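In: Sequence and predicted model, in that order:
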Amino acid sequence: MRHASLTVIEQEHQALAAMLRSLSMLLAHARRERRLPDFDLLRAMLFYVDEFPERLHHTKESELLFPRLRERAPEIAPVLDRLDADHERGERAIRDLEHALLAFEVMGEPRRAAFEDAVARYVDFYLQHMAVEERDVLPAARRVLTDADWTELDAAFAANRDPLTGHEPSDEYRPLFQRILNSAPAPIGLG
C-alpha cells in the first residue's frame, strides 16, 4: 500500500534536491561568466530551504515519524539519532550559509570562495541526509508502522503544501516562488 506521507516526503526530497542543484548551477554559471551571481535569487532560494524543508519537513520527521520508528524498530535508533542531529545542525547550517551569502554580497569577490565552499558542503550534507532517509528510514516505516500511524502521518505531511511539489503557493509565498521559478536555472526554474 502506498501512503500519502511517504509520497510527500519523497516529493519534498526531490524538490529540495532540485533546489540545491540549481543553487550550485547558478553559482557555477556566475563563476564561469566571471560575474557576481544574482544575490536576490540566492537569498530567495535559501529562504525557501529555511521555510519549507527546515521548518516543515524536518519538524514532522523528528516529532512524528522518528518517535514511532524508535518505538517499533529500535534497531534503527542510531540512524534516527544521526538524522535528528542532522536536523538540528541543519538549522544552524542554513543560518551560517545565509551569513556567508551576506558576507559575499557586502564584501565582494574575496568572500566568493568561502560562500561557494559552504554551499558545496551544505548540498553534499543534505543529499547524503536524504539518501539515508530513503535507504534506511522509509523502508523501515513501510515495514513496521500501523494503520493508525499512517493515518496521522498522512494527515500531518499532507498539510505541508510545498509549492515546489506541485501545490499552489499561498498568497504569502506567491512572490517568493514567482521569483525563484522565473529566475532560477532548471531543474527548479525557467531561468
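Out: Perfect, thanks for sending it.
In: In this protein, where is pLDDT below threshold?
Out: 1, 191 (pLDDT under 70).
In: If you count contacts, what does the longest helix along it end up packed against?
Out: Longest helix in the chain, counting residues (DSSP state H): helix 77-107. Packing contacts for helix 77-107, counted by 3 or more C-beta pairs under 8 Å, 6 or more residues apart in numbering; DSSP states H and E, involve helix 39-49, helix 66-72, helix 112-132. Using the backbone N, CA and C atoms, a C-beta is placed for each residue, glycine as well.
In: for these, which one sits closest to T151?
Out: helix 66-72 (11.9 Å; C-beta to C-beta).
In: who touches that closest one?
Out: Contacts with helix 66-72, where a contact means C-beta atoms under 8 Å, 6 or more residues apart in numbering, come from 76-77, 80, 83-84, 137, 140-141, 144-146, 149, 153.
In: rerun that using 10 Å as the cut-off
Out: For helix 66-72, contacts defined as C-beta atoms under 10 Å, 6 or more residues apart in numbering pick out 60-61, 75-77, 79-81, 83-84, 87, 133, 136-138, 140-141, 143-146, 148-150, 152-153.
In: returning to what we had before: next, the angle from the longest helix of the chain to helix 112-132.
Out: Helix 77-107 runs at 160 degrees relative to helix 112-132, counting by axes from the mean of the first three to the mean of the last three C-alpha atoms, to 10 degrees.
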